[in-house]
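In: prediction below, plus the sequence it came from.
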Amino acid sequence: MEGISKFFPGVKALEGVCLELFPGEVHALMGENGAGKSTLMKVLGGVHQPNEGTMTLNGRPYAPALPLDAQRSGIGFIHQELKLATNMTVAENISLGRMPTRGWGVVDFQAVNRIAAEALEELGVAIDPMVRVGHLNVAMQQMVEIAKAISLQSTILIMDEPTASLSERETQALFDIIKKLRDGGVSIVYISHRMEEVYALSDRITVLRDGKTVGTWPLRDLAEDQLVCHMVGREVKEQFPSRNSSAGVAELRVSGLTREGAFQDVSFELFGGEIAGMGGLVGAGRTEIARAVLGVDRYDSGEVEVCSPQAGRHAIGYITEDRKGDGLVLGLSIEDNITLPNLDQVSNGLFLQADKSKRMAERWVEKLRIRTPSVKQAVANLSGGNQQKVVIAKWIARNCRVLIFDEPTRGVDIGARAEIYAIIEELAQQGVAILVISSDLPELLGLSDRIMVVHQGRISGEFTRDEATPEKVIRCAFTGETE
């Protein structure tokens with residue numbers, strides 16, 4: 001890719017970017033949110049056409065007009081935002097667009113199921129090919145997306161934040177597959193904000209900043225602190241803020257919460273001024289518990305009590321793990337998304353006060369460093385990390401007594417992570433009760449005053465900050481045992 005530029009209304013997403021990819025290498029593409037990583041890969045994958053620049057593939061001119069052109073050229077794309085038909089089965093999604101037929105155009109569903117079973121077996125995950133994708137959680141949907149790309153037998157595979165919602169075990173299984181594909185001659189472009197993944201997998205690293213190429217280096221020539229400086233153009237201080245917590249009164253009490261097949265006898269309290277973590281393997285029931293506490297999903301028995309009688313409708317806010325499906329109205333502006341749950345703060349009776357609405361949005365855009373030319377920008381045009389910040393902004397603006405952060409830094413770069421952690425710490429200092437659900441173990445250990453571990457739908461262990469170690473948390477997540 002040479003001199004690639006891509007412009008959107010009011011935004012210069014890419015300017016003269018260059019990228020070279022060799023056979024059988026894992027090439028990390030790094031940069032902050034909004035640096036242009038996903039846009040560059042969408043140009044390679046035929047989603048966007050560049051305004052300037054040229055591409056060659058195996059020495060021949062390459063200019064895909066559609067994603068299908070890229071797919072036929074041997075380029076597979078695992079998007080940061082999932083591209084699945086949720087009303088279809090796992091098997092149908094994996095073969096979508098290339099369904100095998102028997103005759104007269106009749107789909108051979110036996111072959112469809114076999115292709116899916118082989119791809120899922122190679123990935124090492126136990127998912128029923130016949131289940132509808134909409135019935136799976138985000139992590140399992142991510143595994144379906146990866147299985148779909150693997151089944152295409154691509155010669156170039158683009159992975160945009162593939163482990164964002166995966167457990168340690170699933171991530172390691174994916175690493176094994178990536179290494180096997182690389183050894184078989186497949187070229188992999190790997191986009192991730194997790195430094196440990198980049199240094200465990202990559203052969204070379206290209207850094208983008210503000211839509212431009214900073215440079216390309218062999219992994220061995222680039223120390224982690226140098227990489228961070230190239231990405232952000234500044235030194236990034238310690239990610240996790242120092243904690244001097246003093247838990248206050250109980251703000252939320254959950255007693256014996258049960259939903260058949262999802263979680264059983266879940267009990268815990270959240271205290272003002274405390275950051276509580278919730279860990280466990282993907283599929284253990286963490287998100288299901290949170291959604292039941294919030295009232296989004298039903299539960300069969302148990303009780304959820306908001307302890308502060310003054311809280312009212314301001315009691316609980318939920319930063320969802322699925323920002324695209326549940327957290328945002330993609331066709332609306334940043335301003336509209338931030339003010340949507342806060343209309344009582346920006347209206348006068350029946351009428352919206354435009355100046356208040358704009359001021360609220362601009363305040364949080366500035367505080368969370370959301371990269372946008374205007375609060376009138378549609379959230380669909382933002383990078384994944386900036387979309388996540390909008391989700392966080394709208395609930396922080398709500399002044400809730402309890403905030404549940406479900407995978408709060410999924411798809412968020414290293415600089416913005418530190419900013420989000422600082423905001424979580426600031427909220428706790430203000431007396432808000434915080435629950436952080438995360439598949440990122442360093443994140444749980446770095447943020448939490450105590451960690452609850454969910455195993456097969458039950459809280460099987462709880463550790464204070466002093467007691468919690470990676471070994472203890474992982475053992476409890478896998479076995480349900482604390483010792």
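Out: Thanks, I have the structure now. Keep in mind the model is a prediction, meaning the values are calculated, not measured.

In: let me see the ranges of the helices in the stretch 1-150 of the chain.
Out: Using DSSP state H, counting those that start in this stretch, the helices of the stretch 1-150 of the chain run over residues 37-44, 67-72, 90-94, 109-123, 138-151.

In: same list (those) but as TSV, adding mean pLDDT and distance to residue 277.
Out: Quick note: C-beta positions are derived from backbone N, CA and C, even for glycine. As requested, the helices of the stretch 1-150 of the chain are exported to TSV (pLDDT from 0 to 100; distance: least, CB to CB, whole Å):
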stretch	mean pLDDT	distance to residue 277
helix 37-44	91	29
helix 67-72	90	39
helix 90-94	93	31
helix 109-123	89	28
helix 138-151	82	18
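
In: please enumerate the strands of the stretch 51-200 of the chain.
Out: Taking DSSP state E, counting those that start in this stretch to define them, one finds strands in the stretch 51-200 of the chain at 52-54, 56-57, 60-61, 75-78, 101-103, 106-107, 156-160, 187-191.

In: okay if I get the ones you listed as CSV plus mean neighbour count and mean pLDDT?
Out: CSV is the format used below for the strands of the stretch 51-200 of the chain (neighbours: other CB atoms under 10 Å; pLDDT from 0 to 100):
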stretch, mean neighbour count, mean pLDDT
strand 52-54, 14, 96
strand 56-57, 15, 96
strand 60-61, 8, 96
strand 75-78, 24, 87
strand 101-103, 9, 85
strand 106-107, 11, 90
strand 156-160, 24, 90
strand 187-191, 23, 93
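
In: of all those strands, which one is nearest residue 24?
Out: Taking CB to CB, strand 187-191 is the member of the strands of the stretch 51-200 of the chain nearest to residue 24, at 6.6 Å.

In: any idea how far residue 261 lies from residue 299?
Out: Computed as CB to CB, to the nearest Å, the residue 261 to residue 299 distance reads 12 Å.

In: wait, which of the helices of the stretch 1-150 of the chain is closest to residue 387?
Out: helix 37-44 (11.2 Å).

In: ok and that closest one relative to strand 187-191, angle-wise?
Out: 150 degrees (axes from the mean of the first three to the mean of the last three CA atoms, to 10 degrees).

In: between helix 37-44 and strand 156-160, how big is the angle?
Out: Relative orientation of helix 37-44 versus strand 156-160 (the same axes, to 10 degrees): 150 degrees.

In: ok so, going back, format the strands of the stretch 51-200 of the chain as TSV; extra columns: distance to residue 404.
Out: Listed next are those as TSV, based on distance: least, CB to CB, whole Å:
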stretch	distance to residue 404
strand 52-54	44
strand 56-57	45
strand 60-61	50
strand 75-78	28
strand 101-103	46
strand 106-107	42
strand 156-160	26
strand 187-191	27
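
In: walk me through the domains of this structure.
Out: 2-232, 250-479 (automatic domain parsing).

In: for the shortest one, measure first residue to last.
Out: Using CA to CA, to the nearest Å, the end-to-end distance of domain 250-479 comes to 30 Å.

In: count of neighbours near residue 280?
Out: Per other CB atoms under 10 Å, the neighbour tally for residue 280 reads 30.

In: list the contacts of it.
Out: Listed by CB atoms under 8 Å, 6 or more residues apart in numbering, the contact set of residue 280 reads 286, 453-455, 477.

In: narrow these to those in strands?
Out: Applying DSSP state E to the contacts of residue 280, the entries found in strands are 453-455.

In: top of those by neighbour count?
Out: Using other CB under 10 Å as the neighbour criterion, residue 453 leads the ones in strands among the contacts of residue 280 with 28 neighbours.

In: about what we covered before: more neighbours: which of residue 261 and residue 299?
Out: Counted by other CB under 10 Å, residue 261 and residue 299 do not tie: residue 299 has more neighbours, with 22 against 9.

In: where does the more buried one sit: helix, strand or coil?
Out: State at residue 299, reduced to three classes by DSSP: H, G, I helix; E, B strand; the rest coil: coil.

In: ok, the ones in strands among the contacts of residue 280 vs residue 385, which is closest?
Out: Set against residue 385, the nearest of the ones in strands among the contacts of residue 280 by CB to CB is residue 454 (26.3 Å).

In: tell me the contacts of the closest residue to residue 368 other than its chain neighbours?
Out: Leaving out its chain neighbours, the residue that sits closest to residue 368 by CB to CB, 6 or more residues apart in numbering is residue 389, at 4.4 Å. For residue 389, the contact set (CB under 8 Å, 6+ apart) comprises 368-370, 412, 416, 420.

In: quick check: residue 389 vs residue 153, distance?
Out: Remark: distance between residue 389 and residue 153 (CB to CB) = 37 Å.
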